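Visitor: model this:
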Amino acid sequence: MSVRELAAELYRQMKRVEELERTLAALPPGDARREALEGELREARKERDQLKRALEGSKA
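Guide: Below you'll find the model as predicted:
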């Protein structure tokens, strides 16, 4: 994957993480969807961090 493609994918993933964080923050504390969203957010952050490392590695 080229640096440009990695950067574009990283940007999309960062926006996804931000959206999930906003959605989660808007939910009331006892909401049933909260646990599922937290899991989704955890996975999105993991993917974002993996893309960051790949992009940093390709620059070196």
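
Visitor: Where does pLDDT dip in the protein?
Guide: 60 (pLDDT under 70).

Visitor: As a check, name the ranges of all strands in it.
Guide: Taking DSSP state E, the chain contains no strands at all.

Visitor: pull the longest helix from it.
Guide: helix 34-59 (DSSP state H).

Visitor: Could you list every helix and strand in contact with that one?
Guide: Under the contact definition 3 or more Cβ pairs under 8 Å, 6 or more residues apart in numbering; DSSP states H and E, helix 34-59 sits against helix 3-26. Every residue, glycine included, has its C-beta placed from N, CA and C.

Visitor: Report the angle between the helix it packs on and helix 34-59.
Guide: Helix 3-26 runs at 160 degrees relative to helix 34-59, counting by axes from the mean of the first three to the mean of the last three Cα atoms, to 10 degrees.

Visitor: Give me the buried stretch members for the longest helix of the chain, please.
Guide: Under the neighbour-count criterion of 16 or more other Cβ atoms under 10 Å, helix 34-59 has 40-41, 44-45, 48, 51, 55 buried.

Visitor: want to throw these into a markdown table with distance to Y11?
Guide: Below are these laid out as a markdown table (distance: Cβ to Cβ, whole Å):
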| residue | distance to Y11 |
| --- | --- |
| E40 | 19 |
| L41 | 17 |
| A44 | 13 |
| R45 | 15 |
| R48 | 10 |
| L51 | 9 |
| L55 | 10 |
